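Undergrad: pasting the sequence and the predicted model now:
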Amino acid sequence: GGGRSQSPAPPPPDALPDTFDSVRQYTALWAPLCLEEAKAQILSEASGDVPYWNKRGKGPFPVVVAPLKRDVGSSVDYITVQLKPTRTMSQAELESVSPSFRPNDIVVLVRDEDTIIRASKGNLNGSTSGGSDNTNDRRGIVGHTESSRRTVDGLWVKVSRKHWLAAGRQNMCLLNVGSNVTALREFHALCRLSTIPLSKYVMGKDLAGKANDSSSALLTKSKANMMQKMGGSSALGKGFVSFAKQKFNPSQLQAISASATEYGEGGFTLIKGPPGTGKTTTLVTLLNSLHIRQFNKYYQIISDIAKSQTVNKAQKIGDASRNKPRLLVCAPSNAAVDNVILKIMEDGFIDG
């Protein structure tokens, strides 16, 4: 029929279980959240770039747009358009003013620059609400790039055929909103969960016990047990244990405990959560716990060597120093790593 299927609303954070019964259940719950996170990331990048639109490669750029002949008579629901600058200029001049592109960058093509400027200021009155199909009011088209280009000259952008027919024209204005690569990787991984060897960890089937009981006594006991699994006060110090128990809810503390417990044993822990649920803070505290525990072990080794009656203490201490603990933080982008490091620099680590 002619009806459109509607995406289910994302479940609230407290509706997500710690463990999942099947790949189908996991995918059904996380797919809408993955899309919401992609939207939030793109909007964050776009709004963060607005103050820098006066710099090279930022802000709206006028272009000439033409659909590829191969797609004009096609029956598929998308069309590829090719972009060129509105005026002739040398390659060097074009590179000094044009934005550059990578595959799967999200771009917006609008009728004129004024529309983008007013939209960035929240003054685009009379626009349709998000998700509307009212083509009469459509002022722009969202698309994604298909290849890397140093400039707009020859850039291919894939857009909705329906939206192109409603709002496409020869002269338009282009805005590079941001990269969608990370979201695509996440969604592809989600769709292939059944083929991933680590799927049991992703679905939480290896977790020992659950912190889903709401009674205060059981939650307190559960937190104490999780801290004990990480080594307790003897490994982490009373200060850190007290901080972690007061700061985090059972689900967050379970993520920290599971990650820290399997550290160095070949384990894998996936910490999942919608935007704003404290993933970065949880990760920083996990790093804090690993830092305390591993360095306490290291200091104990040095102390034992110093107290021993063996000869060549200096050499043994030197050998031990070469194995000083190190933590490696990896992320899909430099910005994501910076976010973790800045959080550590701002808040600092809690001493044991």
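TA: Now that the structure is in, tell me what you want to look at.
Undergrad: toward the C-terminus, what is the element adjacent to the longest helix anywhere in the chain?
TA: Determined from DSSP state H, the single longest helix within the chain is helix 279-307. Later in the chain than helix 279-307, the nearest helix or strand by DSSP states H and E is helix 313-321.
Undergrad: quick one: list the elements packing against that following helix.
TA: If you count contacts as 3 or more Cβ pairs under 8 Å, 6 or more residues apart in numbering; DSSP states H and E, helix 313-321 packs onto helix 279-307. For glycine as for every other residue, the C-beta is placed from the backbone atoms N, C-alpha and C.
Undergrad: spit out the contact partners of C191.
TA: T27 (Cβ atoms under 8 Å, 6 or more residues apart in numbering).
Undergrad: name the SS class of the spatially most central residue of the chain, please.
TA: Most central in the chain under Cα atoms, centre = their mean is T182, positioned 6.4 Å from the mean C-alpha point. Classification of T182 using DSSP: H, G, I helix; E, B strand; the rest coil returns helix.
Undergrad: shouldn't it be in contact with A331?
TA: No: the criterion here is Cβ atoms under 8 Å, and T182 misses it with A331 at 9.1 Å.
Undergrad: residues contacting the residue nearest to the centre of the chain?
TA: Applying Cβ under 8 Å, 6+ apart, we find T182 in contact with Q41, P332, S333, A336.
Undergrad: ok, now with 7 Å
TA: Counting by Cβ atoms under 7 Å, 6 or more residues apart in numbering, T182 touches P332, S333.
Undergrad: pull up the pairing partners for the one helix or strand K158 maps to, direction included.
TA: Element membership of K158 [criterion: DSSP H and E] is strand 155-160. As defined by DSSP bridges, the strand partners of strand 155-160 come to strand 78-85 (antiparallel), strand 140-145 (antiparallel).
Undergrad: using CSV, write down the CA coordinates of stretch 341-352.
TA: Provided in CSV are the C-alpha atoms of stretch 341-352 (Å, rounded to 0.1, in the frame of the first residue of the first chain):
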residue,chain,number,x,y,z
ILE,A,341,41.5,13.0,28.2
LEU,A,342,39.9,16.4,28.9
LYS,A,343,37.5,14.7,31.3
ILE,A,344,40.5,13.3,33.2
MET,A,345,42.3,16.6,33.2
GLU,A,346,39.2,18.5,34.4
ASP,A,347,38.1,16.1,37.2
GLY,A,348,41.4,14.3,38.0
PHE,A,349,41.8,10.8,39.4
ILE,A,350,40.7,9.9,42.9
ASP,A,351,43.6,8.7,45.0
GLY,A,352,43.3,5.4,46.8
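Undergrad: what's it in contact with?
TA: Under Cβ under 7 Å, 6+ apart, the answer for stretch 341-352 is L236, G237, G239, F240, F243, T280, V284, N288, H291, I292, N296.
Undergrad: would JSON lines of those residues with distance to T27 and neighbour count be doable?
TA: Output for those, formatted as JSON lines (distance: Cβ to Cβ, whole Å; neighbours: other Cβ atoms under 10 Å):
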{"residue": "L236", "distance to T27": "36", "neighbour count": "24"}
{"residue": "G237", "distance to T27": "41", "neighbour count": "19"}
{"residue": "G239", "distance to T27": "41", "neighbour count": "13"}
{"residue": "F240", "distance to T27": "36", "neighbour count": "23"}
{"residue": "F243", "distance to T27": "36", "neighbour count": "16"}
{"residue": "T280", "distance to T27": "25", "neighbour count": "15"}
{"residue": "V284", "distance to T27": "29", "neighbour count": "21"}
{"residue": "N288", "distance to T27": "33", "neighbour count": "23"}
{"residue": "H291", "distance to T27": "35", "neighbour count": "17"}
{"residue": "I292", "distance to T27": "37", "neighbour count": "23"}
{"residue": "N296", "distance to T27": "41", "neighbour count": "17"}
